[in-house]
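# Take this sequence and fold it.
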Amino acid sequence: MRISKMLIVFLVIALSASLALPAFAQDGAATYKAKCASCHGPEGQGKIGPALKGTSLTADQIGDLLTKGNDAKKAPHKKALASVSADDAKAVATFVKTLK
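The predicted structure is shown next:
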């Protein structure tokens with residue numbers, strides 16, 4: 001009986017830990033390199049898209065642009081980027097603000 005209770009506790013802990021993993025944002029730099037660098041440059045210097053290095057946008061504004069889009073922007077940022085989760089957008093925005 002004691003072993004079954006311990007097994008249940010272990011399973012509950014393991015299940016809750018596995019459900020929490022998707023909530024953690026991927027590394028912002030890795031996501032940026034995979035999804036943003038081809039247009040904005042590996043160091044945010046600009047390429048096809050505008051330079052992000054030293055942008056005046058706040059991290060919240062960058063995150064909103066990625067998750068909600070903005071009709072005033074050019075594609076692909078007119079609409080939300082379906083391939084970027086809210087957590088990833090926040091991580092990318094935080095990374096972009098480190099680009100100097």
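
# where does the most centrally placed residue in the chain fall, helix, sheet strand or coil?
Geometric centre of the chain, nearest residue: Asp88, 1.4 Å, by Cα atoms, centre = their mean. Assigned by DSSP: H, G, I helix; E, B strand; the rest coil, the conformation of Asp88 is helix.

# My guess is it contacts Thr31. True?
Yes. Using Cβ atoms under 8 Å, Asp88 makes contact with Thr31 at a distance of 5.0 Å. All C-beta spots, glycine's among them, are computed from the backbone N, C-alpha and C.

# Could you check which helix or strand contains Ala76?
That one is not Ala; residue 76 is Pro. Using DSSP states H and E, Pro76 sits in no helix or strand.

# From Ser56, how far out is it?
Distance, Pro76 to Ser56, by Cβ to Cβ, to the nearest Å: 21 Å.

# for Lys90, same thing?
Here the criterion is Cβ to Cβ. By it, Lys90 lies 19 Å from Ser56.

# Who has more neighbours out of those two?
Using other Cβ atoms under 10 Å as the criterion, Lys90 and Ser56 rank with Lys90 on top: 19 against 5.

# What does the pLDDT read for the residue lying closest to the more buried one once chain neighbours are set aside?
Sequence neighbours aside, Gly63 is the residue nearest to Lys90 in space, at 5.0 Å (criterion: Cβ to Cβ, 6 or more residues apart in numbering). pLDDT, Gly63: 96.
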